[in-house]
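*Asks:* Here's my sequence, what's the structure:
(chains A, B and C)
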Amino acid sequence: MIDKQYLIFDWYSENKRNLPWRSVKDPYYIWLSEIILQQTKVDQGLPYYLKFIKCYPNVKSLAAADLESVLKLWQGLGYYSRARNLHSAAKQVMTDFGGVFPDNYDSLLSLKGVGEYTAAAVSSFAYGEAKAVVDGNVFRVLSRLFKIATPINSTKGKKEFTILANEILDKSQPGEHNQAMMELGALVCKPKSPQCEICPVQGICLAFADKTQLDYPVKEKKLKVKVRHLNYLLFLDQNNNILIRKREGQGIWEGLYDFPCVETSESVDEVKEFEGVTLKNVFLDLEVKHILTHQKLMVKFWVHHKKDTPKTNGYMAIPIGDISNFPLPQLIVRYVNESSFFKR
DNA sequence: AACACGGGGCT
DNA sequence: AGCCCAGTGTT
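*Replies:* You can find the predicted model right below:
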């Protein structure tokens, strides 16, 4: 424990946000909140947490649900493997742990989608186990406090920061300590505009001492964004049926639904065939640029009117109005909301 | 060790 | 446009 650490506790008790998962001890709720909050801001995750605890009030109900229902509830939150793993882990709890949530760090680690961070969070919050969380906030706070320049996304950095975080962990109240460190990072020790003037540990911060806060944390690697050209085809027949497909295999949006798609290396002005079938009268309906973290999608939505929907393997015909019953990528949601073909 | 995996908000 | 977010799993 570092000297004057009580300053962080005092600040936390005065300034902490009132978040619903902070007022519960049930590991199921804490685990659920932690999965939702992975790589996700509180403001974005909060409504999903409320939806999930209402729809699935306990691990048993979540385990009994259809994966597709879980994905539908998760729609819009991104990183959909979290939803698949969430569902898988709930089943694990029922089968491997007799329906009782695992109560220690090592057992928690065996759950799908639970890594070192989440295992530390749940074990410390729910059970008071002395494990330090090391998330983006903690990396930033510690790197500035101690002026540690080891890249936080390197194996060496991850080890180093984990050791340090556990050294300064207040073993008498690990849950509160972890919450306080993260809250300080989220509200004060922010990435671009740290509020050092109101920081409770300004006086012991090595980076603040020489005004190098913005040099920390150090990160290596640059993100390379891949540009893709997608051409979605809306096959619309006389009965207002369309074709959709479930995205299988690994890749983006696994388990979600979208339309038949032709990917091209460059932007195209027409679509003449789909899976070996020649198409005539294909009209451009909408063109959008969709930005993801690691992909820039240049997307064209084309419409093809047909008497009957083609019977193509792997695709299913549904009434156009039923599209919203399926879990969809935000890109498709965007199209459904903007295209006149989906207006009732 | 490097990479894939969403979506939204802030600068 | 670039960066970041209560990270994890796969290769």
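*Asks:* Low-confidence ranges, chain A, go.
*Replies:* A:1-3, A:307-311 (pLDDT under 70).
*Asks:* which residues of it fall in strands?
*Replies:* A:226-237, A:241-246, A:257-258, A:261-264, A:273-274, A:277-278, A:282-291, A:295-306, A:315-319 (DSSP state E).
*Asks:* for the fourth one, packing partners?
*Replies:* In this structure, strand A:261-264 packs against strand A:226-237, with contacts taken as 3 or more C-beta pairs under 8 Å, 6 or more residues apart in numbering; DSSP states H and E. In short, each C-beta sits where N, CA and C put it, glycine included.
*Asks:* Which of the strands of chain A sits closest to A:Asn337?
*Replies:* Nearest of the strands of chain A to A:Asn337, taken as C-beta to C-beta: strand A:282-291 at 10.5 Å.
*Asks:* Chain A - how does it break down into domains?
*Replies:* A:6-215, A:226-342 (automatic domain parsing).
*Asks:* most tightly surrounded among those domains?
*Replies:* Most buried of the domains of chain A, by mean neighbour count (mean count of other C-beta atoms under 10 Å): domain A:6-215, with a mean of 18.
*Asks:* and A:Glu68, how far is that from A:Gln330?
*Replies:* 17 Å (C-beta to C-beta, to the nearest Å).
*Asks:* Output the domains of chain A as TSV; include the columns distance to DNA strand B.
*Replies:* Output for the domains of chain A, formatted as TSV (distance: least, C-beta to the nearest atom of the strand, whole Å):
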stretch	distance to DNA strand B
domain A:6-215	2
domain A:226-342	3
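*Asks:* Which stretches in the stretch 51-200 of chain A count as helices?
*Replies:* For the stretch 51-200 of chain A, the helices defined by DSSP state H, counting those that start in this stretch cover A:59-64, A:67-74, A:81-96, A:105-109, A:116-127, A:136-145, A:155-167, A:174-187.
*Asks:* so can I have a markdown table of those helices showing distance to A:Asn325?
*Replies:* As requested, the helices of the stretch 51-200 of chain A are exported to a markdown table (distance: least, C-beta to C-beta, whole Å):
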| stretch | distance to A:Asn325 |
| --- | --- |
| helix A:59-64 | 20 |
| helix A:67-74 | 8 |
| helix A:81-96 | 17 |
| helix A:105-109 | 34 |
| helix A:116-127 | 31 |
| helix A:136-145 | 35 |
| helix A:155-167 | 42 |
| helix A:174-187 | 36 |
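*Asks:* Closest residue of the stretch 101-250 of chain A to DNA strand C?
*Replies:* A:Gly115 (2.5 Å; C-beta to the nearest atom of the strand).
*Asks:* got a list of what that residue touches?
*Replies:* For A:Gly115, the contact set (C-beta atoms under 8 Å, 6 or more residues apart in numbering) comprises A:Leu109.
*Asks:* Indicate which one of the helices of the stretch 51-200 of chain A is closest to A:Ile252.
*Replies:* Of all those, it is helix A:81-96 that lies closest to A:Ile252, at 10.5 Å by C-beta to C-beta.
*Asks:* does any bit of the closest one sit next to DNA strand C?
*Replies:* Yes - under the criterion of C-beta under 7 Å from any atom of the strand, DNA strand C is reached by helix A:81-96 at A:Ser81, A:Asn85.
*Asks:* what does that helix rub up against?
*Replies:* A:31-32, A:35-36, A:38, A:59-60, A:62-63, A:65, A:67, A:70-71, A:73-74, A:77, A:99-102, A:110-114, A:254-255.
*Asks:* Now find how far off-centre that helix is within its chain.
*Replies:* What separates the centre of helix A:81-96 from the centre of its chain is 16 Å, taken as C-alpha atoms, centre = their mean, to the nearest Å.
*Asks:* Over to stretch A:128-145?
*Replies:* With C-alpha atoms, centre = their mean, you get 20 Å for stretch A:128-145.
*Asks:* now check it, is it near DNA strand C?
*Replies:* Yes - residues of stretch A:128-145 contacting DNA strand C under C-beta under 7 Å from any atom of the strand: A:Asp135, A:Gly136, A:Asn137, A:Phe139, A:Arg140.
*Asks:* Might you report the residue contacts of the closest residue to the first one other than its chain neighbours?
*Replies:* Spelled out, that is A:Asp135. Once flanking residues are discounted, A:Asp135 sits nearest to A:Tyr117: 5.4 Å by C-beta to C-beta, 6 or more residues apart in numbering. By C-beta under 8 Å, 6+ apart, the residues touching A:Tyr117 are A:Glu34, A:Gln38, A:Val133, A:Val134, A:Asp135.
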